[in-house]
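>>> Okay, predicted coordinates and the sequence, questions at the end:
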Amino acid sequence: MVTNPLDALPKIASGKGIHLYDETGKRYIDASGGPATFCLGHGNEEVNEAIKAQLDKVAFGYRYHFRSDAAEELAEIIATKSGGDLRHTIFTTGGSESVESCLKLALQYHSARGEQSRRRFISRRRSWHGNTLGALSVSGFMARQKPYVGSLLPVSHLSPVNTYRPPQGVAPEDVAEHCANELEQEILRLGADKVAAFIFEPVVGAAGGAVPAPEGYARRIREICDRHGVLMIADEVMCGVGRCGTWRALEHDGVRPDLMSIAKGLGGGYLPLGATVYSEKVAEPIYEKDGMPITGHTFTAHTTSCAAGLAVQKIMEREKLVERVATEGVHLKTRLEEKLGQHAHVGDIRGRGFFVGIELVEDRETKEPFSPDHTLVKKIMATGLEHGLIVYPTGGNVDGVKGDQVIIAPPYNATRAELDEIVDLFAVVVDEAIGKIAS
C-alpha cells in the first residue's frame, strides 16, 4: 500500500492571530504565514463576518450573469494601489491562475495588434510562477518541472539575478547590468518579433528564498522591453500586496509592469483569491479587436471570495499595515542578523519587509551548500514543527538540486514580541536541524 508522506503531518484544529493549534492542542507560531499568504493571521473576526454577511445574501453571482459590489469595490482598490494605468483586473482563484491569465493576455494583446508571431516567453532560472502548465513552463524550478518535461511550452530561461550567487565571473555590483544585457541578447537571438513577454518576480520567492533584484535592474528591464515591444510581466503573487513593505513590490524599484499577477496577500488566505492586473496599453487593442479578454474560469470574480478580499484590504488600509511591514521588517531582519549573521552555516540573510530569506550553507567562506542527501530543508521543517514553529523551507536554490533556504514571512500585524519569539526559536531550530546532520 502506498503511503502519503503528508499523512504524517499534524491535523489542524483552529487558529487565532499568529498562532495555529492542532487536534492535540499543541500551539504553533506561524512564522511564514503558510506560504507567505496569511497577511492578517488567523481567525480575524471582521473578515469572517464579511464572509458570513455575503453568504447570507448570495454566495456567488456568475460573472457572465451579474456584476457585484464586492468585485467592483475590490477592483477599484487594486487599481488605486497599483497606480498609473494599471486599472484593469481579472479575478482568479489563486496565483497560478493569475500568472496563466497574464501569459494569455500577453498573447491576446499581440494577436489583437496583428503580431501573431510574438509567441515566445522569456523568464529566469530559479523562479517559480505556478503549477498550471503555462505557469510551470515559465518557471525555473527544476524539481517541480521534472515530471512534465516534454509537455511544457518552449521558454528561454536566463540567469538568476542574485548578488549573493552572481553568474560566473560577474562581480556582485555588476549583476544588474549583466542580467539585463542577457535579456536583451536573448530577445535579439530569438528575434524581437517572436517574443511576447518577459516574466519575473521582483523579489524571488519559493525558488530562491526572498531574493530582491539589485538596484537598477528593474529599470533596465523596463527600458529593454519597451525598446523591443516586449511586454513586462511582474509576478507578485508571493512578494506583492504589501509583503515587501510597499503594496506593489516593484514600487521599491520605481517601475510599473504591463501586467501583474497577485494573489496570496490579496485575500489573506481566508478564501481562494487572486487577480491579473493589466494596463490600458494592454487593454486597448484587446477590447477594440476582441471585445474583452478571452480568459477566465467558472469561479472568476467569485462574490464571497471578493468580499473576503475587500475586508482584508480595508483592514490593511485602516491599520496602515503595509507601512508597518516596511518599518517592522527592518527590526525583523536586524534581529535575524544579530542572532544568526555570524552563524557558521548561515550564508546570507536577505529580503524586504516581512519577506526574509535565510540561506544555509555548509561552508560560509566558499558558499558551498549542504549535500542534498542531507535533506536539510526537511529537517528544518520537521524540527520547526517539533518546536511549534512554522517556517517555509525549500531546496535546490543554487542549481536546481543543491541549496537550502528558509523564508520567514509573518502576518503583517505580528507584534514586535512575536517577531522576537520567531527569531529566537528559529535560531534553536537551525542549530538542532544541522546538528542532526552532524550526528
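Great, that's in hand. Numbers count the residues shown, from 1 in each chain.
>>> burial of residue 146, as a residue count?
One way to gauge burial is a neighbour count; for residue 146, by other C-beta atoms under 10 Å, it gives 9. For glycine as for every other residue, the C-beta is placed from the backbone atoms N, C-alpha and C.
>>> Do you know the pLDDT at it?
In this prediction, residue 146 carries a pLDDT score of 92.
>>> do the same with residue 196
According to the prediction, residue 196 has pLDDT 98.
>>> ok, it to residue 116 distance?
For residue 196, the distance to residue 116 under the criterion C-beta to C-beta, to the nearest Å works out to 10 Å.
>>> intersection of neighbour lists for those two?
Listed as contacting both residue 196 and residue 116 by C-beta atoms under 8 Å, 6 or more residues apart in numbering are residue 110.
>>> Settle it for me: which of the two has more neighbours?
Using other C-beta under 10 Å as the criterion, residue 196 and residue 116 rank with residue 196 on top: 24 against 10.
>>> Unless I'm misreading it, the more buried one sits right up against residue 123, doesn't it?
No. Contact between residue 196 and residue 123 fails when scored by C-beta atoms under 8 Å: they sit 11.6 Å apart.
>>> Contact partners for the residue of the chain lying at maximal distance from its centre?
Relative to the mean C-alpha coordinate of the chain, counting by C-alpha atoms, centre = their mean, the farthest residue is residue 1 (35.9 Å). Going by C-beta under 8 Å, 6+ apart, residue 1 touches no other residue.
>>> What pLDDT does the model give it?
80.
>>> Is the closest residue in space to residue 205 that isn't next to it in sequence within a helix or a strand, and which one?
Leaving aside its chain neighbours, residue 205 sits nearest to residue 238 (3.5 Å; criterion: C-beta to C-beta, 6 or more residues apart in numbering). Secondary structure assignment for residue 238, by DSSP states H and E: no helix or strand.
>>> count of neighbours near residue 238?
Taking other C-beta under 10 Å as the neighbour definition, residue 238 ends up with a count of 31.
>>> That one contacts residue 95, correct?
Yes. Taking C-beta under 8 Å as the definition, residue 238 is a contact partner of residue 95 at 7.3 Å.
>>> now residue 407, what's its secondary structure?
Of the three states, residue 407 takes strand under DSSP: H, G, I helix; E, B strand; the rest coil.
>>> Hmm, residue 211 and it touching each other?
No. Contact status for residue 407 versus residue 211: not in contact, 10.3 Å apart, counting by C-beta under 8 Å.
>>> More neighbours: which of those two?
With neighbours defined as other C-beta under 10 Å, residue 407 and residue 211 compare such that residue 211 has more, 28 against 24.
>>> Please name the residues that touch that one.
Contact partners of residue 211, counting by C-beta under 8 Å, 6+ apart, are 126, 160-162, 164, 203-204, 350-351, 357.
>>> I'd like the distance between it and residue 174.
Counting by C-beta to C-beta, the gap between residue 211 and residue 174 amounts to 17 Å.
>>> just residue 368 next, same as before
Following C-beta to C-beta, the distance that separates residue 368 from residue 174 is 23 Å.
>>> Does residue 119 touch residue 194 like I think?
Yes. In this structure, residue 119 sits in contact with residue 194. The criterion is C-beta under 8 Å, and the distance is 6.8 Å.
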